[in-house]
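> the following block contains a protein sequence and its predicted model.
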Amino acid sequence: MGSNDVQDVVYAVSPDVVAREVHGEFVIIPITSGIGDLEDEIFTLNETGRAIWDRLDGKKSLAAVASGLVEAFDAPLEQIKKDVAGLTGELLKKRMIVEVK
């Protein structure tokens with residue numbers, strides 16, 4: 001299994017969380033107990049994180065998500081791939097997203 005295989009993975013938002021804009025911040029809030037640690041039950045995303053989150057629709061691979069962000073953020077594809085992989089890894093660890101397939 002090569003390191004690029006992760007780019008083919010498709011993720012969707014977990015049914016156990018809700019995402020809302022609260023006082024100008026985009027937050028992900030668990031609605032099921034046991035998701036995340038007590039001290040970081042609420043997860044806040046910056047503009048880039050929110051753009052990634054909005055594209056985790058259960059249809060696009062991480063590669064497609066990253067490609068779609070290149071123009072939006074005028075950044076190199078390799079940097080965006082790292083950002084997408086980093087955030088999705090964190091969200092997966094917190095069980096805020098789920099793998100599709």
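Arrived safely.

> buried ones in stretch 16-34?
The neighbour-count criterion (16 or more other Cβ atoms under 10 Å) identifies 17, 19, 26-28, 30 as the buried residues of stretch 16-34. C-beta: built from backbone N, CA, C; applies to glycine.

> farthest pair in those?
Across the buried residues of stretch 16-34, no pair lies farther apart than F26 and P30, at 15.1 Å, counting by Cβ to Cβ.

> returning to that earlier point: so which of the buried residues of stretch 16-34 are in strands?
Residues from the buried residues of stretch 16-34 lying in strands, with DSSP state E as the criterion: 17, 19, 26-28, 30.

> pLDDT check: weakest of those residues?
When these are compared by pLDDT, P30 scores lowest at 85.

> list the contacts of the longest helix seen in the chain.
Using DSSP state H, we find that the single longest helix of the chain is helix 77-93. Contacts of helix 77-93 from elsewhere in the structure, counted by Cβ atoms under 8 Å, 6 or more residues apart in numbering, are 6-7, 11, 28, 43, 45, 48-49, 52-53, 56, 62-63, 65-67, 69-70, 73, 97, 99.

> identify each buried residue in that helix, please.
Judged by neighbour count (16+ other Cβ under 10 Å), helix 77-93 contains these buried residues: 80-81, 83-85, 87-88, 91.

> give the rounded mean pLDDT of it.
Here the mean pLDDT over helix 77-93 is 94, rounded to a whole number.

> ok and it relative to strand 25-30, angle-wise?
Interaxial angle of helix 77-93 relative to strand 25-30 (axes from the mean of the first three to the mean of the last three Cα atoms, to 10 degrees): 40 degrees.

> just give me how far the helix or strand just after helix 77-93 sits from the chain centre.
The C-terminal neighbour of helix 77-93 among helices and strands, as given by DSSP states H and E, is strand 97-100. Mean-position distance between strand 97-100 and its chain equals 10 Å (Cα atoms, centre = their mean, to the nearest Å).
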